[in-house]
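Participant: just a sequence and a predicted model for now, questions to come.
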Amino acid sequence: MKILLIISLLLCNALAVSAQTKKYRWFTELCEYEGTYDASRYTEKQIEATYQLYFAGDFNLQTDATAQRHEDVGSLSLDALSEEYTTKSNVLRGLDIVKLPYWIKLKERKLKELEQVYNLSRVTIEAYENPARLKAYTPAASCVKTYVDPLIEGGNALLITWRKLDEESRQRNANPERLRRIFEDRYNSPEKLRHAQIQVMRFGWWNCANAFVQRVEQNDTPEKNFKKLFKRVRTISCDEP
């Protein structure tokens, strides 16, 4: 009788432990994993939301803020940008992540990054019609003298800035002669000021201002912290890098 009672207690304990653990599968760029987690600490919804935050490419704005050609300027849309930002920021705010300091901070930082990219994108789109709008974008105040003043002044000041920008680009390019030919063709065309505006906006102003966005670092720290949520992690398969 005592033996049956002990066996019964052991079975009850095993069932209780089993009821408190669940499994969750997820993918990275190369691998598929399965983790066993304590269901009394986190819900499956929280694990899923945290994975969504950790694999946060879904929260990058895709709406174009710069034009590749002058003909594309009319396609830049403040409405599309605002709609995408509102949708993605609302989804990000609504994520019911695990309530641990690392993930709470990561969510805050991702929201801040999203807002900063939105503000930069908005003022950049507006600047194609009114370059002076860029002077109000204080996070990139050091980019004003180099790129914004020539964009406002236009004429020879803009052309000089464009030439300097192109020469700097050639120094980093594997085929500088090709870039030089493209530049000279555009510089000698009747549309040279339009070409200058497009290039200085895209590769001058945008690259300069974009460097001041406080971005979430792209490293293996989120992955390591995500795996810490599980009692055990099993690698199911991995592709060759």
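Facilitator: Received, thanks.
Participant: residues contacting residue 96?
Facilitator: Counting by C-beta atoms under 8 Å, 6 or more residues apart in numbering, residue 96 makes contact with 43, 45, 46, 49. Any C-beta I mention is one placed from the backbone N, CA and C, and that applies to glycine too.
Participant: go again with 6 Å.
Facilitator: 45, 46, 49 (C-beta atoms under 6 Å, 6 or more residues apart in numbering).
Participant: now the residue nearest the centre of the chain: how far from residue 202?
Facilitator: In the chain, the centroid-proximal residue (C-alpha atoms, centre = their mean) is residue 60; its distance is 4.0 Å. When C-beta to C-beta, to the nearest Å is the yardstick, residue 60 and residue 202 sit 18 Å from each other.
Participant: so residue 141 sits in a helix?
Facilitator: Yes: judged by DSSP: H, G, I helix; E, B strand; the rest coil, residue 141 forms part of a helix.
Participant: next, count neighbours for it.
Facilitator: 13 (other C-beta atoms under 10 Å).
Participant: likewise for residue 109?
Facilitator: Residue 109 has 14 neighbours, counted by other C-beta under 10 Å.
Participant: looking at it, it is touching residue 216, isn't it?
Facilitator: Yes: with contact defined as C-beta atoms under 6 Å, residue 109 and residue 216 form a contacting pair (5.2 Å).
Participant: which residues in this protein form helices?
Facilitator: Using DSSP state H, the helices of the chain run over residues 2-20, 44-54, 78-93, 101-127, 149-153, 155-171, 176-187, 192-199, 206-210, 221-227.
Participant: and the last one, what's buried?
Facilitator: Applying a neighbour-count criterion of 16 or more other C-beta atoms under 10 Å, the buried positions in helix 221-227 are 222, 225, 226.
Participant: dump these into JSON lines; add distance to residue 195 as well.
Facilitator: Formatted as JSON lines, those follow (distance: C-beta to C-beta, whole Å):
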{"residue": "222", "distance to residue 195": "41"}
{"residue": "225", "distance to residue 195": "47"}
{"residue": "226", "distance to residue 195": "46"}
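Participant: closest one of these to residue 185?
Facilitator: Residue 185 lies nearest to residue 222 out of the buried residues of helix 221-227, by C-beta to C-beta, at 45.5 Å.
Participant: which residue, other than its chain neighbours, is closest to that closest one?
Facilitator: Nearest non-adjacent residue to residue 222, counting by C-beta to C-beta, 6 or more residues apart in numbering: residue 54, 4.4 Å away.
Participant: in this structure, where is pLDDT below threshold?
Facilitator: 1-19, 56-57, 241 (pLDDT under 70).
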